[in-house]
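[1] Please work out how this folds:
(chains A and B)
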Number of protein chains: 2
Amino acid sequence: MSGPRTVSTFNRRGFLGAAGVGAASLGTAGLAASGTAFAAPAPDPVITEVQDWNRTLGDGVQARPYGKPSAFEKDVVRRDVEWLTASRESSVNFTPLHALDGIITPSGLCFERHHGGVAEIDPAKHRLMINGLVDKPMVFTLDDLKRFPGRVNRAYFLECAANSGMEWRGAQLNGCQFTHGMVHNVWYSGIPLKTLLDEAGLRGNAKWLLAEGADASGMTRSIPLDKALRDCLVVWGMNGEMLRPEQGYPLRLVVPGWEGNMWIKWLRRIEVGDQPWHHREETSKYTDLLADGRSRRFTFIMDAKSVVTNPSPQAPLRQKGPNVLTGLAWSGRGAIRRVDVSLDGGRNWRTARIDGPVMSMSLTRFYVDFDWDGREMMIQSRAMDETGYVQPTKDELRKVRGTNSIYHNNGIQTWLVRSNGETENVEIG
Amino acid sequence: MSGPRTVSTFNRRGFLGAAGVGAASLGTAGLAASGTAFAAPAPDPVITEVQDWNRTLGDGVQARPYGKPSAFEKDVVRRDVEWLTASRESSVNFTPLHALDGIITPSGLCFERHHGGVAEIDPAKHRLMINGLVDKPMVFTLDDLKRFPGRVNRAYFLECAANSGMEWRGAQLNGCQFTHGMVHNVWYSGIPLKTLLDEAGLRGNAKWLLAEGADASGMTRSIPLDKALRDCLVVWGMNGEMLRPEQGYPLRLVVPGWEGNMWIKWLRRIEVGDQPWHHREETSKYTDLLADGRSRRFTFIMDAKSVVTNPSPQAPLRQKGPNVLTGLAWSGRGAIRRVDVSLDGGRNWRTARIDGPVMSMSLTRFYVDFDWDGREMMIQSRAMDETGYVQPTKDELRKVRGTNSIYHNNGIQTWLVRSNGETENVEIG
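    All right, here's what the predicted structure looks like:
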C-alpha cells in the first residue's frame, strides 16, 4: 500500500484539465439523483488517505453463494409506474437502460410484463404438450427437451409492442428507462421449435400454431407456421443459467424480432392448426387502431429503432469537454447496419461508432465521443438495418398511423440537454 | 386453459420411445443430487391436472426490483472447499460449470479468489493513480474514466492459474465445478489501458507496469508494457452492469488470456517502471516448481484447455438413448479452432459441434449429440486453438513439468461414466 502515500502531488491536465475548468461553471442542482460528485481538483484529498477497505479483511468466499450488486448500486433497478395499469399483476416494469452498457441485459434487470403475475412453477411437474394437426400428440418434460440434438445459444432482443407507447401523442415519460425500457437482450439456450414439430409430425394442412402459457392468465398467441419453422426456439436457459421466474421459468417460446407478447412464458402447450385463433391478445389488444377506425392486423415484426441512453433524463451531462454519448439500436428484420446521431435536433447527423458484436435481431451498442461546449443540444439517434429500412420520425409515423395507436412506436426520440447538463424528454416530431 | 383437459391420451414414440425403454434398466441411486425425475410414461398424469400456478395470480411487477433465480435452482451456486485453504478471506470458490450453458457466466456465479476478502468500496471515494515513469502522474475518478473516448465491450475468459491445480498428481475432486470451476467468461465495459498511459505520457525507458489493488491484501502484479498496450482494459462494467464487489468493484484490470491473478481487482494504482517488481505473487506464488528445483518464470499465458461439463460427476447421465454432451474450451493465445471428444478414453475421437460466437480469448461452447447404449464410457475433450496448439494429456505435461506444480494444469480431463449413469473423475494420463 505504499503508492498513495509516497506520491504527494498530482497534475491534472490535457484531457482532464479541460473538464476541470468546465466544472466551475456548471451547477450541480438537479444532478443529485445519480449521487456521484465529479473529481476534486488536484492534489486529490481522497487518495492521500488509507481507506477503511485497506485496513480490514473483507467478506470471505462463503459469504455470497449467489452474488448480487454492490449496495452502492441500489438505484439500478427495474421500476414500475403505479398509475400506468389497473393492477400490478397485469402490468409492466422497465429496464434501467441508462445505467447499463454493452448489449446483454443482466437477467435481474430485464423488464417484466405479466398478465396474471409471475407463475412459480415446479420444473419437475411442468410439461410441454404438442397437439392439434400433428401425427402424434406428445408431452415433454424439461429433461426430455434437454436430450434433443441441435441445442443452440442465441442472443435476441425482446421488445414489448407497447414500448414507447405513451409517447405516441407527445413527450410524456422523463427517462429512457420509461420511454424505451420495455426491451431487453438475452442469450437463450434451447432447441429449435422445428425439432419438436418434426418429432410430432406436422399434417399437410398445418399453417398456424397456438402457443399457450401456464400462468394464471393462460396467455395465448397465434404464430404463423413459417416463422415457427424458420427461427423460433423453445428455451429453458437465459444468460447461461435457467430462465428467471418472471421470464417464464422453466420454458419460454422465443420468436426472434417479433413483438414480446408472442414470446409465451411458462410455455405449456403448442397446438397446431390451419388458421389463426384470433384470441384476445391479437384482436382487442396488440393491434393498432388507425385514424379511420380500422385496425392493423398481424403487426408482428418490431421495426428498426434506437435510443440514446446516455445522456438522457436519468443520466444528465456533468461536465463540459470530452463526453461519451451512447445508446442502443435494434431491428426485428435483421442486423443493424448503421446508426446516425444528431446533436441539433436532426439538422446535422454523424455516423456513430458501433461496438460489436453485431448480431441479427439483437441489441447493438453505439457510441459517439464528443466535446461539449456547454450549449443546449437536441440529441437524436436514427437506426438503419440491413434491409435498408431507416427509423422514421414520430411525425412520419403519425402521418400513416394517426394517434390512436399504443403499439409499434419506433419513432426517433429527442432529448434536450440544457446548458446546465440537465436532460429532458421533448417532442420535435 | 382448455388444452390439457381436452386431450386425453398422448403417445411417446420414436426419439422419446427409445429413452423410455432405457429408463427401466437404469437405477436412480446416487442421482438424487440434481433432484429432477425423468418423464413419466404416457399418458402423463401431471398434465391432466390444473396446477396451482394456474389458479392464482402470481407476484406483480413491484415484487422484484432486482431479480434472482427460482427457488428451485437453489443448488446452482458457487461452492468453496473449506479444507483447501487456511482462511476463507484468502480462498476460492468455484463456478458451477455443470449447471450452465452458453458461453457467458452469470455474474452471480463467477468464481471468486481473494487474498484479503472482498473490499467494499465507495465508488465516489475510489481513485485510480498512474505514476512512475510517466510525464505527468495522474489521478482519475470513476466519472473521469467514463468520459474517455474509445469505450469498448469485450468478452474474455478469466482463469485462475491454479485451476485444476489439485489434479496434477491424480484425480482428486469429483465434479467439474471443483476441477475446472476457477474460470468464468464475462463481458467487460471499459477503456483500453493504452488510452490512460497515452494520457499520462510514457517515458522512453518504460518497460513494465505494476498494478495494485485497494483491498486489504494490497495485491500487486508486474505486467509487461507490450501486453498493456496491446489489449489490456481498465473496466468498470461486467455483463452490462457495474462490476460485482467480489470482482473488483468499481475498477478492475483486464489482462486477456493471461492468468487471473494479474487481473487486479479494486484497481487503484498503476506504476510504470523499467523492470518487473518480483513481488510475492510472482515469485513464491504463481510460479511452477519444476522437478529439478528451478521454477518457471513469467508463465502468464493460459494455454488451450477444455472440459466436458455434461455429463460430469455433478450431472450424471439419466437415460439410455439420445443424450447431449457439452463442454467449454478456451485459449489464452486466441480463438478456439476445434474441439475433439472421445467416449473411449482417447482411442477414438470425433469433432464436436461448436456453437458460436467464437471469440478470441473467450470461452467457447461445444456439443456432441450422441446415443448411449448403456456401456461404460471414458469421456475426454481436447481443444485446439488458432495457433495450432493442441491441449496435452496430463502425462505429457508431467513429463515436462514434473509433479511439484500447482499452476497451469491444462491437461485433458477424463470422466468415467458407469453403466448406471453415475460419473466419476478418473485418471488415465
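[2] got a list of what A:Thr414 touches?
    Contact analysis of A:Thr414 by CB atoms under 8 Å, 6 or more residues apart in numbering or on different chains lists A:171, A:345, A:378-380, A:425-428. C-beta coordinates here come from the backbone N, C-alpha and C atoms, glycine included.
[3] Try it again at 10 Å.
    A:171, A:308, A:342, A:345-346, A:378-381, A:393-394, A:424-429 (CB atoms under 10 Å, 6 or more residues apart in numbering or on different chains).
[4] Of those, which count as buried by neighbour count?
    A:171, A:308, A:342, A:345-346, A:378-381, A:393-394, A:425 (16 or more other CB atoms under 10 Å in any protein chain shown).
[5] if you look at the residues you listed, which of them are in helices?
    Among the buried ones among the contacts of A:Thr414, the residues falling in helices (DSSP state H) are A:Lys394.
[6] Out of the buried ones among the contacts of A:Thr414, which is nearest to chain B?
    A:Val308 (14.5 Å; CB to the nearest CB).
[7] Does A:Asp144 lie in a helix or a strand, and which?
    helix A:142-146 (DSSP states H and E).
[8] and that helix, how far out from the chain's middle?
    Helix A:142-146 sits 29 Å away from the centroid of its parent chain (CA atoms, centre = their mean, to the nearest Å).
[9] same check, this time on stretch A:322-342
    Its chain's C-alpha centre lies 13 Å from the corresponding centre of stretch A:322-342 when counted by CA atoms, centre = their mean.
[10] How about stretch A:146-164?
    Worked out by CA atoms, centre = their mean, stretch A:146-164 lies 13 Å from the chain centre.
[11] now do stretch A:253-265
    Put simply, stretch A:253-265 sits 13 Å off its chain's centre (CA atoms, centre = their mean).
[12] do that stretch and chain B meet?
    No - Stretch A:253-265 lies apart from chain B when judged by CB under 10 Å from any CB of the partner chain; the minimum separation is 10.7 Å.
[13] Can you measure across that stretch, start residue to end residue?
    Start-to-end span of stretch A:253-265 (CA to CA, to the nearest Å) is 7 Å.
[14] Mind listing what's buried along stretch A:342-362?
    A:342-343, A:345-346, A:352-355, A:357-362.
[15] Any idea which of those the model trusts least?
    Least confident entry in these, by pLDDT: A:Pro357, with 94.
[16] Name the SS class of A:His98, please.
    Classification of A:His98 using DSSP: H, G, I helix; E, B strand; the rest coil returns helix.
[17] contacting residues for the nearest residue in space to A:Trp266 that is not next to it in sequence?
    Of all residues not flanking A:Trp266 in the chain, A:Ala214 sits nearest, at 4.2 Å (CB to CB, 6 or more residues apart in numbering or on different chains). Going by CB under 10 Å, 6+ apart, A:Ala214 touches A:119, A:121, A:125-128, A:248, A:250-251, A:264-269, B:1, B:3-4, B:50-51, B:53-54.
[18] Mark which of the residues you listed are buried, thanks.
    A:119, A:121, A:125-128, A:248, A:250-251, A:264-269, B:1, B:3-4, B:51, B:53-54.
[19] what bridges to whichever residue of the stretch 251-400 of chain A sits closest to chain B?
    Scanning the stretch 251-400 of chain A for the residue nearest chain B gives A:Asp369, at 3.5 Å (criterion: CB to the nearest CB). Beta-bridge partners for A:Asp369, by DSSP bridges, are A:Val324.
[20] can I see the domain layout of chain A?
    Under the assignment automatic domain parsing, the domains of chain A span A:3-55, A:107-296, A:305-426.
[21] Please produce JSON lines containing the ones you listed, extended by distance to B:Thr95.
    Below are these laid out as JSON lines (distance: least, CB to CB, whole Å):
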{"stretch": "domain A:3-55", "distance to B:Thr95": "25"}
{"stretch": "domain A:107-296", "distance to B:Thr95": "10"}
{"stretch": "domain A:305-426", "distance to B:Thr95": "23"}
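[22] After whichever strand or helix holds A:Tyr156, heading C-terminal, what element do we hit next?
    Following DSSP H and E, one finds A:Tyr156 within strand A:152-159. Heading C-terminal from strand A:152-159, the first helix or strand you meet, by DSSP H and E, is helix A:176-180.
[23] Counting by contacts, list what the helix or strand just after that following helix packs against.
    Of the helices and strands lying after helix A:176-180 in sequence (DSSP H and E), the nearest is strand A:183-192. In terms of contacts (3 or more CB pairs under 10 Å, 6 or more residues apart in numbering or on different chains; DSSP states H and E), strand A:183-192 is packed against helix A:142-146, strand A:152-159, helix A:225-231, strand A:233-238, strand A:252-254, strand A:321-330.
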